[in-house]
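In: Could you look at this predicted model? Sequence included:
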Amino acid sequence: MLTGKQKRHLRALAHHLDPVFQVGKGGSNEHLIRHINEAIEKRELLKVSVLNNCMEEPRDIAAELAEGTDADIVQVIGKTIVLYKESKDHKTIELP
């Protein structure tokens, strides 16, 4: 669980990142979760955008992705989700 100070730090780092994945009409599924899990292990901080044709709410998708990848939700703003998971091998982000 992230503290408020840690979330602020991660939001500042994520501000300049581009979304790596897009969630569309199919919503979140095992295939997407597997790929996000691989990417977040290498990057630690990841942005995901939810397309307009997706029927699910971004907060619901964020909860599903966080549960499936064992990551923390840093923020959901509009249709953009920011996830964080500490890497076992490629630790690059130092939390306050």
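Out: Noted; the coordinates are in hand.

In: Contacts only, for residue 20.
Out: Contacts for residue 20 (Cβ atoms under 8 Å, 6 or more residues apart in numbering) come out as 39, 43, 46, 47, 48. (Glycine included, C-beta is placed from N, CA and C.)

In: again, 7 Å this time
Out: 39, 46, 47, 48 (Cβ atoms under 7 Å, 6 or more residues apart in numbering).

In: Just the buried ones among those, please.
Out: 39, 46, 47, 48 (16 or more other Cβ atoms under 10 Å).

In: wouldn't the third one be in contact with residue 14 here?
Out: Yes: using Cβ atoms under 7 Å as the test, residue 47 is close enough to residue 14 to be in contact (6.1 Å).

In: what do the two both touch?
Out: By the contact definition Cβ under 7 Å, 6+ apart, residue 47 and residue 14 are jointly contacted by residue 82.

In: Spatially, what comes nearest to residue 30 if we skip its sequence neighbours?
Out: Closest residue to residue 30 apart from its sequence neighbours, by Cβ to Cβ, 6 or more residues apart in numbering: residue 68 at 7.9 Å.

In: Could you check how far that neighbour is from residue 34?
Out: 8 Å (Cβ to Cβ, to the nearest Å).
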